[in-house]
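# no sequence for this one, just the structure:
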């Protein structure tokens, strides 16, 4: 159908295994680590956990948004090589901003239609290492002229098409959907409380691998490795979830005058990486983590970019023949609290099925890696509660929305 987005259905595609590093606050223990080395870490770990020889991998797909190291162009290739994948296997960089993790899985599923049997998908983001950048000084500086070095981490939030930053687009949605500051803060408070409870219950533990100081060897080539900051010996869990209450959130100043979004009800800024192995369900040596059934991606108005998950989920359901009632859990990225509430309002989602372990407001949003985190978190919930279908979705800067439909292969009806 023309003009309504892109829908893809997949047969015999499974996510064999998936895992991630802890999400660590900007300036924390992961702040000095190149996203390439974080990616190598999870690439190696997901292969080891799955018990699969790296030489069985036919394709490497990797994503990262900001150029957070001077060798950033080489991220996909080095992730593959230092993860032990055969030198003859090619590597591809993938980018769909906040939906990059989803796009990695979609690209892997598309490759399985041809000769690829097993794909390694890796997403890695160092928000701490986003550069202070200048783009207009290649020919030098004029005497007395303005030198424009800017913080890429902040400036990248701005979309010059509508003349708004991402936080302002959420404020737009709050006004359009009648969302008060109190309602937005209340949602953020619940996200933090749910994430803390999930952390106490060990719900995140199954998807997290410890990151410590180590060296990655590759015969015939220079070693790479991880050196943690702040004299840390190891990182074992997400650092951002913390106790809060409505009174504390209410004291925070809105980013924009007359807006509802604050530092407390917007996603946490963190570093982290995630990886997944995607292959044919029929060839999986054991029950896979999840079956990947379909994807949908749509465009929306840039000034209301946060609403993107709603039409993406509608398209996914319409084309797959399912209804909202068929979906046991929804994981929708919490870029901003007003944005998630607007999506939930538009789809009439109940809170008992949405982000039940909290979300990016509490845990954090390392741009490229979040999509993989949403999917593995979702898959874990489906298995623990014997639910069949789940949908993970995210809004995308510039005005897009993407959603994936997964199925629990261990479901007992």
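The structure has been received and is ready for your questions. Predicted model, so just to flag it, every value in this text is computed and none were measured.

# from here on, contacts and neighbour counts on C-alpha atoms
Fine.

# Which is the succeeding secondary structure element to the helix or strand harbouring residue 329?
Mapping residue 329 onto the secondary structure by DSSP states H and E places it in strand 327-332. Next helix or strand after strand 327-332 toward the C-terminus (DSSP H and E): helix 337-347.

# Could you quantify the relative orientation of that following helix and strand 327-332 as an angle?
Computed by axes from the mean of the first three to the mean of the last three Cα atoms, to 10 degrees, the angle separating helix 337-347 from strand 327-332 equals 150 degrees.

# what sits up against helix 337-347?
Applying Cα atoms under 8 Å, 6 or more residues apart in numbering, the external contacts of helix 337-347 come out as 170-171, 173-174, 177, 179, 184-185, 187-188, 260-261, 265-266, 306-310, 332-334, 350, 361.

# go with 7 Å
Outside helix 337-347, the residues that touch it by Cα atoms under 7 Å, 6 or more residues apart in numbering are 170, 173-174, 177, 179, 184, 187-188, 265-266, 306-307, 309-310, 334.

# same thing with stretch 297-310?
4-7, 162, 169-170, 172-173, 311-312, 339, 342-343, 346-347, 393-403.

# Show me which of the residues you listed are buried.
In those, burial by neighbour count holds for 5-7, 169-170, 172-173, 311-312, 339, 342-343, 393-403, counting by 16 or more other Cα atoms under 10 Å.

# Can you list which of the residues you listed are found in helices?
Among the buried ones among the contacts of stretch 297-310, DSSP state H puts 169, 170, 172, 173, 311, 312, 339, 342, 343 in helices.

# Tabulate the residues you listed in JSON lines, adding columns for pLDDT.
Formatted as JSON lines, these follow (pLDDT from 0 to 100):
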{"residue": "169", "pLDDT": "97"}
{"residue": "170", "pLDDT": "97"}
{"residue": "172", "pLDDT": "96"}
{"residue": "173", "pLDDT": "98"}
{"residue": "311", "pLDDT": "98"}
{"residue": "312", "pLDDT": "98"}
{"residue": "339", "pLDDT": "98"}
{"residue": "342", "pLDDT": "98"}
{"residue": "343", "pLDDT": "98"}
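
# of those residues, closest to residue 58?
residue 312 (29.9 Å; Cα to Cα).

# Tell me where the stretch 151-300 of the chain has strands.
For the stretch 151-300 of the chain, the strands defined by DSSP state E, counting those that start in this stretch cover 158-159, 164-165, 211-212, 214-216, 224-226, 234-235, 270-280, 290-299.

# any idea which residue sits dead centre in this protein?
residue 370 (1.1 Å; Cα atoms, centre = their mean).

# Helix or strand: which one has that residue?
helix 370-384.

# what packs against that helix?
Applying 3 or more Cα pairs under 7 Å, 6 or more residues apart in numbering; DSSP states H and E, we find helix 370-384 packed against helix 100-111, strand 327-332, strand 389-396.

# quick one, longest helix in this protein?
What stands out as the longest helix in the chain, according to DSSP H, is helix 181-201.

# Give me the residues contacting it.
The contact list for helix 181-201, computed with Cα under 7 Å, 6+ apart, reads 204, 241-246, 249-250, 260, 265, 337-338, 356-359, 361-362.

# Give the buried residues for it.
181, 183-196, 198-199.

# For that helix, the averaged confidence score.
Averaging pLDDT along helix 181-201 gives 97.

# just the angle between that helix and helix 337-347, please?
Going by the same axes, to 10 degrees, helix 181-201 makes 100 degrees with helix 337-347.

# Report the distance from helix 181-201 to the chain centre.
When distances are taken as Cα atoms, centre = their mean, to the nearest Å, helix 181-201 is centred 19 Å away from the chain's centroid.

# same deal with stretch 400-413?
Centroid separation between stretch 400-413 and its chain, computed with Cα atoms, centre = their mean, is 16 Å.

# Compute the first-to-last residue distance for that stretch.
In stretch 400-413, first residue to last residue: 35 Å (Cα to Cα, to the nearest Å).

# go on, stretch 227-243?
Chord length of stretch 227-243, first to last residue, is 29 Å (Cα to Cα).

# The closest residue to residue 383 other than its chain neighbours: what's it in contact with?
Distances taken as Cα to Cα, 6 or more residues apart in numbering put residue 408 closest to residue 383, at 6.3 Å, once the chain neighbours are dropped. If you count contacts by Cα under 7 Å, 6+ apart, residue 408 has them with 290, 291, 379, 382, 383, 387, 388, 389.

# before we move on, the earlier item: output the contacting helices and strands for the strand holding residue 329.
helix 370-384, strand 389-396.

# which of those is buried the deepest?
Most buried of the helices and strands packed on strand 327-332, by mean neighbour count (mean count of other Cα atoms under 10 Å): strand 389-396, with a mean of 28.

# Show me what that strand pairs with in its sheet, parallel or antiparallel.
strand 327-332 (parallel), strand 400-407 (antiparallel) (DSSP bridges).

# before we move on, the earlier item: just the mean pLDDT for the helix holding residue 370, thanks.
98.

# roughly how far apart are residue 392 and residue 249?
27 Å.

# And whatever helix or strand residue 318 lives in, what's buried?
Using DSSP H and E, residue 318 sits within helix 309-320. Along helix 309-320, these residues count as buried under the neighbour rule (16+ other Cα under 10 Å): 309, 310, 311, 312, 313, 314, 315, 316, 317, 320.

# from what I can see the fourth one touches residue 404, true?
So the one you mean is residue 312. No: using Cα atoms under 7 Å, residue 312 is not in contact with residue 404; the gap is 8.9 Å.

# Common neighbours of these two, please.
Jointly contacting residue 312 and residue 404 under the rule Cα under 7 Å, 6+ apart are residue 296.

# out of everything not next to it in sequence, what's closest to residue 278?
residue 15 (4.6 Å).
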